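Engineer: I would like the atomic coordinates for the input below:
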Amino acid sequence: MIGLRPITVADAQSHLAGEDVESARWRDGGQGTLAAVTEHFQRCVAEWEADGPSKTFAIVGLDDGVLVGTLDIQIDQEYLAARQANVAYGIYPQFRRRGLAARAVVLACRYIAAHDLADEAVLRIDPANKASVAVAHRVGFAYHHTTDDPDEGTLDWFLQAV
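Structural biologist: Down below sits the predicted model:
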C-alpha cells in the first residue's frame with residue numbers, strides 16, 4: 001500500500017538513486033545530478049509553501065515510508081483548459097509492475113477532488129510509453145486527443161472527471 005506526501009529536499013538522494021534510464025527518458029528529460037535534483041526539489045517545496053499551481057508528491061510505502069516514486073499535479077498551465085489538472089508520475093524500477101502507478105494516480109485524483117483544484121484530471125503520455133498508456137486505461141481515463149509539441153514531442157491526452 002502506498003500514500004502521497006509533499007516532496008522534501010531530503011528526498012533528493014533517494015530519488016536520484018531510484019532514477020533509471022526509463023524514468024529519465026519519460027519524465028525527467030535526462031539523467032539528473034544530486035545538485036540538479038536538490039535544486040528542483042527546493043523549487044517544489046517553495047511551490048507547496050506558496051500554495052502554487054504545482055504540487056510534487058513523494059509516493060511512499062505506508063508500512064515503511066520508502067520512497068517508491070514521485071507524482072506531480074499541475075494546474076493553471078497554458079496547455080490545460082480551465083479546471084483541468086495535469087498528473088505526471090514516475091515509479092522507480094524496483095517497484096514497477098505492482099499496480100503502484102495506478103494507485104498513485106487514483107490518490108492524485110482524490111487529492112484534486114478533495115482540494116477542489118479541478119474538475120478533470122489529465123494524463124499526457126508519450127504513446128511509446130506502453131506501461132503508462134496501460135495505467136491510464138486501468139484507472140478509467142479515456143483517450144481524448146494527441147498533440148505534437150516541438151518541446152515535448154507527441155503526447156496522447158487521457159482525461160477523467162474527478
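
Engineer: any regions of this structure where pLDDT drops low?
Structural biologist: Applying pLDDT under 70 to the chain picks out residues 22-31.

Engineer: apply 90 and report the result again.
Structural biologist: 16-33, 36, 149, 151-152 (pLDDT under 90).

Engineer: mind listing the helices for it?
Structural biologist: Taking DSSP state H to define them, one finds helices in the chain at 12-18, 21-23, 34-49, 100-114, 130-138.

Engineer: now do the last one: which elements does it pack against?
Structural biologist: The one in question is helix 130-138. Here helix 130-138 touches helix 100-114, strand 120-125, strand 153-161, going by 3 or more CB pairs under 8 Å, 6 or more residues apart in numbering; DSSP states H and E. From N, CA and C alone the C-beta is placed, and that goes for glycine too.

Engineer: check the offset of the shortest one from the chain's centre.
Structural biologist: The one in question is strand 120-125. From the chain centre to the centre of strand 120-125 is a distance of 10 Å (CA atoms, centre = their mean, to the nearest Å).

Engineer: each with direction, which strands does that strand pair with?
Structural biologist: Using DSSP bridges, the strands paired with strand 120-125 are strand 84-91 (parallel), strand 153-161 (antiparallel).

Engineer: picking up where we left off before, kindly reformat the helices of the chain as TSV containing distance to residue 57 and mean neighbour count.
Structural biologist: Formatted as TSV, the helices of the chain follow (distance: least, CB to CB, whole Å; neighbours: other CB atoms under 10 Å):
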stretch	distance to residue 57	mean neighbour count
helix 12-18	12	17
helix 21-23	15	15
helix 34-49	9	15
helix 100-114	8	19
helix 130-138	16	17
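
Engineer: now the ones you listed as TSV including distance to residue 70?
Structural biologist: As requested, those are exported to TSV (distance: least, CB to CB, whole Å):
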stretch	distance to residue 70
helix 12-18	6
helix 21-23	9
helix 34-49	9
helix 100-114	9
helix 130-138	14
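
Engineer: ok, which of the ones you listed comes nearest residue 83?
Structural biologist: Residue 83 lies closest to helix 100-114 among these, at 10.1 Å (CB to CB).

Engineer: just the CA trace of stretch 149-157, in CSV.
Structural biologist: This file holds the C-alpha atoms of stretch 149-157, laid out as CSV (Å, rounded to 0.1, in the frame of the first residue of the first chain):
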residue,chain,number,x,y,z
ASP,A,149,4.6,19.8,-29.3
PRO,A,150,8.1,20.9,-30.5
ASP,A,151,9.4,20.7,-26.9
GLU,A,152,7.6,17.7,-25.6
GLY,A,153,7.0,15.7,-28.7
THR,A,154,3.9,13.6,-29.4
LEU,A,155,1.6,13.2,-26.4
ASP,A,156,-1.7,11.3,-26.1
TRP,A,157,-4.1,13.0,-23.8
